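[1] Structure for this input, please:
(one chain, ligands or ions: 1)
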Amino acid sequence: MMTQKQIWVEEHLSGRQLPSMSNEDPSEMVVRFVKFLKNKKLPLRGQAIDIGAGKGRNAVYLASLGFNVHCVDYVQAVLSTIDNRAKKKGIRHRLQLWCARIDEEWNFASNFFDIAIDCYSSIDIETINGRKKYLSELYRTLKPGGYAMISVVSSDDEIEKELIASHPGREKNSSIWPDTGKFQKNYDEDELREFYMNFEIITIEKIKKPAHKLNRNYQATNFYLVLKKGGENV
Ligand SMILES: C[S@@+](CC[C@H](N)C(=O)[O-])C[C@H]1O[C@@H](n2cnc3c(N)ncnc32)[C@H](O)[C@@H]1O
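    All right, here's what the predicted structure looks like:
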């Protein structure tokens with residue numbers, strides 16, 4: 001049986017099941033978050049973390065706006081893709097690449113990041129303890145007053161709802177993808193509110209859109225969250 005990391009190494013090479021992960025345009029969730037920051041009149045600079053950065057569609061976008069982006073992913077190959085994409089755009093100096101796990105201690109000081117994004121990444125951590133570690137590291141490293149954008153797949157997403165019924169994981173609302181065995185944790189709103197309870201939940205929205213995965217066109221249902229760490233904005 002392949003580990004979750006091996007499944008990701010293979011998926012990043014082939015782009016077989018989640019072709020959107022190879023897009024160069026940023027996720028609309030991150031674009032929406034940037035609009036939120038602009039509306040708050042917050043500067044689009046400072047330290048950002050892209051948690052599970054993948055091929056960097058979001059990290060390169062944030063860096064092009066002016067953020068210094070720390071990309072963390074456990075697949076070395078995607079960091080090389082980010083390296084190439086950033087060089088082509090002349091913004092390589094605004095990206096730091098870290099080949100590391102997001103479900104173990106993060107190699108960053110406390111209160112370091114102005115913003116954080118987790119664009120469908122922590123849903124791929126295959127243990128509850130791993131997700132709790134991600135959560136405590138997110139809280140520790142975000143500055144007081146800092147904002148985090150989290151996007152996750154809803155448990156009533158068209159495909160995930162089917163998989164939760166036909167190929168359930170051990171945890172509530174989780175699935176094991178057929179063919180590869182990839183684990184995915186999906187959420188309902190109550191679970192999200194409980195999991196992120198240490199943060200102030202600024203926004204929690206369910207968003208539907210046409211999408212493509214697992215060789216299917218379907219209606220995706222995702223959650224968009226903006227979280228704030230309590231304390232003064234610094
Ligand atoms: C669904 S992809 C999202 C990628 C990116 N955030 C985006 O929106 O394009 C999840 C990413 O998280 C990474 N990942 C999953 N679990 C991880 C872990 N435990 N430690 C580090 N990276 C992980 C995978 O390699 C993959 O690049």
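[2] quick one, strands of the protein?
    All strands of the chain, identified by DSSP state E, fall at 46-51, 67-73, 95-99, 113-119, 142-153, 174-176, 183-185, 200-213, 216-228.
[3] Mind giving me the packing neighbours of the last one?
    Meaning strand 216-228. helix 28-39, strand 142-153, helix 158-166, helix 189-195, strand 200-213 (3 or more Cβ pairs under 8 Å, 6 or more residues apart in numbering; DSSP states H and E). (C-beta placed from N, C-alpha, C; glycine too.)
[4] Identify, out of these, the most deeply packed stretch.
    Ranked by mean neighbour count, the helices and strands packed on strand 216-228 are led by strand 142-153 with a mean of 22 (mean count of other Cβ atoms under 10 Å).
[5] Spell out which residues of the protein are next to the ligand.
    Within the chain, the residues that sit near the ligand (Cβ under 6 Å from any ligand atom) are 8, 21, 27, 52-54, 57-58, 73-75, 78, 101-103, 119-121, 124-125.
[6] Sketch out the low-pLDDT regions of this protein for me.
    Low-confidence segments of the chain (pLDDT under 70): 232-234.
[7] how many neighbours does the spatially closest residue to residue 53 that is not a sequence neighbour have?
    Distance criterion Cβ to Cβ, 6 or more residues apart in numbering; nearest residue to residue 53, sequence neighbours excluded, is residue 71 at 3.6 Å. Residues lying near residue 71 (other Cβ atoms under 10 Å) number 28.
[8] tell me the contacts of residue 71?
    Applying Cβ atoms under 8 Å, 6 or more residues apart in numbering to residue 71 gives the contacts 50, 53, 56, 59, 79, 82, 95, 96, 97, 98.
[9] from memory the fifth one sits against residue 97, does it?
    What it means is residue 79. Yes. Between residue 79 and residue 97 there is a contact under Cβ atoms under 8 Å: 4.3 Å.
[10] follow-up on the earlier one: next, format the helices and strands packed on strand 216-228 as a markdown table and append distance to residue 180.
    As requested, the helices and strands packed on strand 216-228 are exported to a markdown table (distance: least, Cβ to Cβ, whole Å):
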| stretch | distance to residue 180 |
| --- | --- |
| helix 28-39 | 24 |
| strand 142-153 | 16 |
| helix 158-166 | 12 |
| helix 189-195 | 24 |
| strand 200-213 | 12 |
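[11] how near is residue 77 to residue 104?
    20 Å (Cβ to Cβ, to the nearest Å).
[12] meant to ask about residue 113
    Distance, residue 113 to residue 104, using Cβ to Cβ: 17 Å.
[13] Double-check residue 4 against residue 185; I have them as touching.
    No. Using Cβ under 8 Å, residue 4 is not in contact with residue 185, being 11.4 Å away.
[14] joint contacts of those two?
    Joint contacts of residue 4 and residue 185 (Cβ under 8 Å, 6+ apart) are residue 124.
[15] Would you mind telling me which of the two has the busier surroundings?
    residue 185 (24 against 18).
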